[in-house]
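Whatever this is, show me its structure:
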Amino acid sequence: MTLASVANTIQSMVLSRTNTGSKPLVLLASGAQLFTDISYGLLSKIDRSVPSASSRIDRILMDHRDAHRDDTADVQKVAIVTGANSGIGFVTANALARAGYQTILACRNPELAQEALDTLKRQTGLENFEVMQLDLASLESVNGFVKQFKAKYETLDILVNNAGVMMCPYSQTKDGTEMQFGINHIGHFALTTQLLDSLKAAKGGARIVNVASLASYMTTGIDYSAIEDKENYDRNNNYAMAKLANVTFSNALARKLQGTNVTVNSLHPGSIKTNLTRHVGTGAIMDTIFNMVLIDAQAGALTSIYLALSPDVEGASGKYYSRCEATNPHPKALDEAEQDRLWKYSENLVAKKHASM
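Below you'll find the model as predicted:
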């Protein structure tokens, strides 16, 4: 059994024994799972038998090339990565371009996106990158992005919903939705559903990859009053609910896409030290400790790249992955009634904004 399998098994056991809807037990389970995650990160750094992230990414790319050796050369493959200007999104974009995809960096800040694009071109020696501006805190921006994309491309092969915010102070999107739920879930919900026709048109099938988090376990469920009422806001719990929404949405969409050539899966990338943690407020000493035990962006991007490119997961859909292995999600994410409730809630929010445009 690999180190990753051991970590996933321990976390599944903790979840099965403590998930009763009781908040104290959820907190206990959360602490145990986080400890396991950090322990895995530390052990993977010192265990010489664990292949490096870069070598594993290279292996995925080789497997992808072998699986697509007979593909028609004149068919352009297209991928979108949200939040691709830094962190695991940047690493994911690098890998997709190296796999031969025209890779679109869908980012809020055009200047940072252009810097990332220039760096990616230097790193890879490739030209198959481009920037399209996307602000997931604005449904008007999402609509504009989709319109721009469809004016240029007829099909989409890979969509990696990677962008997000974490544990930020209370604020709202431009559409009046609580920021963490709005960016992490609603923006990606609107983007994905508007791109479904392009994904379905992809020759040879398409993949949707939703980056969730271990935090999806760290809540008893989605409390919609905490999304709608500032007085009920808790930045830790609201982040956990937004990440649970990512997994729940993935499973709901997988049901709706049955019988098509489009798959959708969600994942926990690992406990990573990236700029996503800027609102956590750690300090110099904790930063030093975090750098020792948390994995880097390359290791964190591994599962996203695996789900986007590996022939090992061809046809897999509606699953939750951690460390490149399928594992058990939060039970609420498997509840079809919860899936339908989230879908309807999200659909109504988007429709309400569109009606006011």
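
In the protein, where is pLDDT below threshold?
1-35, 37-50, 273-293 (pLDDT under 70).

go with 90
Scanning the chain for pLDDT under 90 picks out 1-52, 69-75, 214, 217-218, 270-296, 353-357.

show me where it has strands.
78-82, 102-107, 129-133, 158-161, 206-211, 262-268, 320-322, 325-327 (DSSP state E).

would you turn those strands into JSON lines with mean neighbour count?
C-beta coordinates here come from the backbone N, C-alpha and C atoms, glycine included. Listed next are the strands of the chain as JSON lines, based on neighbours: other CB atoms under 10 Å:
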{"stretch": "strand 78-82", "mean neighbour count": "27"}
{"stretch": "strand 102-107", "mean neighbour count": "26"}
{"stretch": "strand 129-133", "mean neighbour count": "17"}
{"stretch": "strand 158-161", "mean neighbour count": "27"}
{"stretch": "strand 206-211", "mean neighbour count": "27"}
{"stretch": "strand 262-268", "mean neighbour count": "26"}
{"stretch": "strand 320-322", "mean neighbour count": "23"}
{"stretch": "strand 325-327", "mean neighbour count": "16"}
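
For Ala67, find the nearest of those strands.
For Ala67, the closest of these is strand 206-211, at 12.9 Å, according to CB to CB.

Give me the residues contacting the closest one.
88, 155-162, 164, 188, 192, 199-200, 246-247, 249-250, 253, 261-267, 269, 304, 307-308 (CB atoms under 8 Å, 6 or more residues apart in numbering).

how distant is it from the center of its chain?
8 Å (CA atoms, centre = their mean, to the nearest Å).

That one pairs with which strands, and in what direction?
strand 158-161 (parallel), strand 262-268 (parallel) (DSSP bridges).

Redo those strands as CSV? Include distance to Leu334.
Shown next, in CSV, are these (distance: least, CB to CB, whole Å):
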stretch, distance to Leu334
strand 158-161, 20
strand 262-268, 12
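
Indicate which one of these is closest to Met241.
Nearest of the strands paired with strand 206-211 (CB to CB): strand 262-268, 14.6 Å.

Can you list the neighbours in contact with that closest one?
For strand 262-268, the surrounding residues in contact (CB under 8 Å, 6+ apart) are 196, 199-200, 202, 205-214, 216, 246-247, 250-251, 253-254, 257, 303-304, 307, 313, 315-322, 329.

A ChimeraX selection for those residues, restricted to the buried ones, would help me check which they are.
Those of the contacts of strand 262-268 that count as buried under 16 or more other CB atoms under 10 Å are selected in ChimeraX with:
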select :196,199,202,206,207,208,209,210,211,212,213,214,216,246,247,250,251,253,254,257,303,304,307,313,316,317,318,319,320,321,322,329
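
coming back round to it: which one, of the strands paired with strand 206-211, ends up nearest to Asn94?
Closest among these, using CB to CB: strand 158-161, at 12.1 Å.

where's Met167 relative to Ile88, distance?
17 Å (CB to CB, to the nearest Å).

Likewise for Val75?
28 Å.

quick one: the helices in the stretch 201-350 of the chain?
Applying DSSP state H, counting those that start in this stretch to the stretch 201-350 of the chain gives helices spanning 224-228, 235-256, 284-293, 297-309, 331-334, 336-356.

closest one to Asn143 among those helices?
helix 336-356 (7.9 Å).

Go ahead and name everything in contact with that closest one.
With CB under 8 Å, 6+ apart as the test, helix 336-356 has contacts from 139, 143, 175, 177, 185-186, 189-190, 193, 221-222, 224, 245, 248-249, 251-252, 255, 332-333.

I figured Gln114 was touching Val131, is that so?
Yes - with contact defined as CB atoms under 8 Å, Gln114 and Val131 form a contacting pair (6.0 Å).

how near is the closest residue to Glu127 other than its chain neighbours to Ala97?
Once flanking residues are discounted, Glu127 sits nearest to Lys121: 6.5 Å by CB to CB, 6 or more residues apart in numbering. Distance, Lys121 to Ala97, by CB to CB: 9 Å.

Please say which of those two ends up with more neighbours.
Taking neighbours as other CB atoms under 10 Å, Lys121 and Ala97 compare with Ala97 leading, 22 against 14.

wait, isn't the more buried one in contact with Leu105?
No - counting by CB under 8 Å, Ala97 does not reach Leu105; the two are 9.9 Å apart.

which residues are common contacts for those two?
120, 129.

out of the helices of the stretch 201-350 of the chain, which comes closest to Ile80?
Among the helices of the stretch 201-350 of the chain, helix 297-309 sits nearest to Ile80 (CB to CB), with 10.7 Å.
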